[in-house]
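> Sequence first, then the predicted structure:
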Amino acid sequence: MSTTLTSPVPSQPVLRLAFALSMGAAVSLGITRFAYGLLLPPMRADLGWSYALAGGMNTANAVGYLIGALITPALMRRFGVTRLLVWGAVLASVFMAGSGFVTAAPALLLQRLLAGVASAWVFVAGGLLAARLGEAGSSRSGLLLGIYYGGTGFGIALSALLVPQVLRAAADVPHGWTWAWWALAVASAAATFLLAWAGRAMPDRPAHASPAAASTHAPPVALRRFGWALAGYALFGMGYIGYMTFVIALLREQGASAGFVTLFYALLGVACVASSRLWAGLLDRYRGGQPQALLNGLLGVATLLPVLSPSAPVALVSGVLFGGVFLSVVASTTALVRHNLPPARWVQGISMFTIVFAAGQIVGPTVTGWISDGAGGLARGLVASAIALWMGAVLASRQHALQEAP
């Protein structure tokens, strides 16, 4: 079995490996984080939460994500990228299941935090492996990155089809939402098997050849060199998570049926998957912050649409536009790192963006929930999210390509 990723095993085409790796994004974001948006309304109604506490659950997840991102480089050096990817997915599944066994807010907050730690390991490790695939097939590196991050859409679409059905079946069971957590844990575990298969097909590089190891000897990446993109990405984290946490609650307040919510979320997930193809050329063409700026601007529009009109067609346009854009913002930062840094410094660069992303997500849900508890409700909270996204677009537009060649 080959021990390098620059020439993947011939019998496993690059695209097939990219789709298998995309289960990492499906587990870490699509299921572990975003499925909570479907569970927020029944959990809030059952447990008597405020919107601030409901948002705090995703804030706890983001705090865990930040902790996980901070320690990921060290764990990669200690255990290897592939092992961290698979075991992170296993632990994320376990912590998801744990959320179905408790009802006290502190215990649920702890479960969300632990799931966030594990999901960071999965997301960063999977993103690095996807970047290595892009190194092997540089002519379509943007597509390969998009496939990985677009895998979140598989998790979103699966959650959209699974959660409402489980909630309906458990409608007469006390705390019936707990069954949905267990179902999501099973789905996450199934996706983990695909990750394990990808791990066997794509073993870690030898320690002396891996970016994770080489980065210990490479000079550190200066934050100021990516300052504008980092600032824009932090605001993206604040803005997008407000939408993903509360848009389902807004639709239910506007009278949307369970069937419409399923359609809305499923279309959002399908659009996530399609986005890998839609924006691949943009990510390959530009070496600066232009892709992030454009995509952030479009997300602000998508976030504002359901506030401006409660009609079903407008909501569907919002979901499709949001799903077709938001993960490509994440992919744009990985592309920015790949375009401007040598492979030995990719781990540093990706981790740097992951940390500011996590910091934005820590602030976003609780602030949006706090605003939503006041006058104007959820609509005003989503307006604040749209403003954050547009501010992020302005900042990212000022990021230029680095002068030195990678």
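That came in fine, so what should we check first?

> I'd like the next helix or strand past the helix or strand harbouring residue 162.
Residue 162 is part of helix 141-169 when elements are defined by DSSP states H and E. Going down the chain from helix 141-169, the next helix or strand is helix 177-201, by DSSP H and E.

> pLDDT averaged over that next one - what is it?
Helix 177-201 shows an average pLDDT of 91 in the prediction.

> what residues are up against residue 173?
residue 179 (Cβ atoms under 8 Å, 6 or more residues apart in numbering). To be clear about C-beta, it is placed using only N, CA and C from the backbone, and glycine gets the same treatment.

> Next, it: phi, psi?
Dihedral pair for residue 173: phi -100, psi 130, per degrees, to the nearest 10.

> ok, now residue 100?
phi -90, psi 0.

> and it, how far is that from residue 359?
When distance is defined by Cβ to Cβ, to the nearest Å, residue 100 is 29 Å away from residue 359.

> Kindly report the same for residue 101.
Residue 101 is 30 Å from residue 359, by Cβ to Cβ.

> what's the answer for residue 370, then?
17 Å.

> Over to residue 40?
As for residue 40, its distance to residue 359 is 22 Å (criterion: Cβ to Cβ).

> Show me which of those two is the more surrounded one.
residue 40 (24 against 20; other Cβ atoms under 10 Å).

> show me what contacts the nearest residue to residue 168 once chain neighbours are set aside?
Once flanking residues are discounted, residue 168 sits nearest to residue 258: 7.0 Å by Cβ to Cβ, 6 or more residues apart in numbering. For residue 258, the contact set (Cβ under 8 Å, 6+ apart) comprises 164, 167-168.

> Going through the residues you listed, which ones are buried?
164, 167 (16 or more other Cβ atoms under 10 Å).

> buried ones in the helix or strand hosting residue 321?
Using DSSP H and E, residue 321 sits within helix 312-323. Going by neighbour count (16+ other Cβ under 10 Å), the buried part of helix 312-323 is 312, 315-323.

> Nearest to residue 382 among those?
Of all these, residue 318 has the smallest distance to residue 382: 9.9 Å, by Cβ to Cβ.

> Need the pLDDT of the closest one.
Reported pLDDT for residue 318: 96.

> For the nearest residue to residue 15 once chain neighbours are set aside, give its distance to residue 289.
Distances taken as Cβ to Cβ, 6+ apart place residue 147 nearest to residue 15, at 7.2 Å, with adjacent residues excluded. Distance of residue 147 to residue 289, computed by Cβ to Cβ: 23 Å.
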